[in-house]
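*Asks:* this one's sequence-less:
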């Protein structure tokens with residue numbers, strides 16, 4: 001299997017890795033420009049860019065890239081270990097480190113009017129979209145044709161039915177507090193980037209109280225955003241969907257939500 005086939009397999013399975021490529025090599029170096037190494041989250045590798053201390057440093061950079069999702073170009077001088085150089089070959093190398101992260105996915109829980117609107121908008125915005133509901137008749141291609149995946153089942157079983165990653169944005173457009181309280185505990189230990197719950201502050205206060213009584217720590221509950229969305233005075237399902245996805249885009253792009261006023 002080629003390294004590119006391996007990358008495709010990782011992406012299809014929602015996995016993570018980082019690709020290290022030598023972009024420039026001058027002088028005496030262990031590998032030439034174009035050599036590639038695939039690094040996995042546990043530090044294991046496929047391929048090599050030369051071995052030794054230099055490769056070990058590149059692996060560290062790759063694991064950092066998987067954490068922050070940012071590419072980096074690192075330079076290594078292989079001249080004088082007394083100065084801290086990771087080798088004695090005498091050459092210079094540049095290594096481009098590219099993180100391979102799961103495709104951003106919006107997981108909508110609750111296929112009512114707002115949930116359907118969120119599915120449609122999230123797909124239009126380029127996300128992979130999953131819809132889940134415990135009512136089988138709501139989880140169909142006819143109800144939400146824009147969803148890439150339909151999951152019928154209770155919320156507590158969602159992490160088993162679908163792999164939740166650091167690129168998963170969970171949008172709970174659920175119908176009542178009971179559904180939230182029964183299902184949320186299973187989501188709080190996942191690496192989801194965002195967990196939002198629809199409803200008023202009073203609804204979330206009620207849910208929080210019930211969850212604490214069930215033994216869920218307040219620290220874990222701080223992960224939950226509720227009410228979710230930016231304040232747009234939204235009323236219709238479509239407007240509410242815009243509010244919710246605006247917040248997701250803001251968080252994903254590290255924006256601040258302020259107006260882009262000229263001047």
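*Replies:* Okay, I see it. These numbers were taken from a predicted model, which means no experiment stands behind them. Numbers count the residues shown, from 1 in each chain.
*Asks:* how far off centre is stretch 93-108?
*Replies:* Taking C-alpha atoms, centre = their mean, to the nearest Å, one finds stretch 93-108 lying 9 Å from the centre of the chain it belongs to.
*Asks:* list the buried residues in it.
*Replies:* 93, 95, 97-102, 104-108 (16 or more other C-beta atoms under 10 Å). All C-beta atoms are positioned from the backbone trio N, CA, C, and that covers glycine.
*Asks:* which of those sits closest to residue 6?
*Replies:* Of all the buried residues of stretch 93-108, residue 6 sits closest to residue 100, with 9.8 Å by C-beta to C-beta.
*Asks:* kindly state the beta-bridge partners for that closest one.
*Replies:* With DSSP bridges as the criterion, residue 100 is bridged to residue 17.
*Asks:* that one against residue 18, yeah?
*Replies:* Yes - if you go by C-beta atoms under 8 Å, residue 100 and residue 18 touch, sitting 6.3 Å apart.
*Asks:* still on that earlier bit, between which two of the buried residues of stretch 93-108 is the distance greatest?
*Replies:* 93 and 108, at 45.8 Å, using C-beta to C-beta across the buried residues of stretch 93-108.
*Asks:* what sits against the closest residue to residue 138 other than its chain neighbours?
*Replies:* In space, and not counting its chain neighbours, residue 138 is closest to residue 111: 3.9 Å by C-beta to C-beta, 6 or more residues apart in numbering. For residue 111, the contact set (C-beta atoms under 8 Å, 6 or more residues apart in numbering) comprises 119, 131-133, 135, 138-139, 143-144.
*Asks:* what bridges to the closest residue to residue 127 other than its chain neighbours?
*Replies:* In space, and not counting its chain neighbours, residue 127 is closest to residue 106: 4.5 Å by C-beta to C-beta, 6+ apart. Beta-bridge pairing for residue 106 (DSSP bridges): residue 129, residue 169.
*Asks:* please name the residues that touch residue 106.
*Replies:* Shown in contact with residue 106 (C-beta under 8 Å, 6+ apart): 118-119, 122, 127-130, 169, 171, 245, 248.
*Asks:* residues making contact with the helix or strand where residue 5 lies?
*Replies:* Residue 5 belongs to helix 3-12 when elements are defined using DSSP states H and E. With contact meaning C-beta under 8 Å, 6+ apart, helix 3-12 is reached by 1, 15-17, 19, 36, 38, 46-47, 100, 102-103.
*Asks:* can you name the two of those residues that sit furthest apart?
*Replies:* Across the contacts of helix 3-12 (C-beta to C-beta), the longest gap, 23.3 Å, separates 47 and 103.
*Asks:* just to revisit the earlier point, now for the contacts of residue 111, which pair is the farthest apart?
*Replies:* Spatial extent of these (C-beta to C-beta) is set by the pair 119 and 135 at 15.1 Å.
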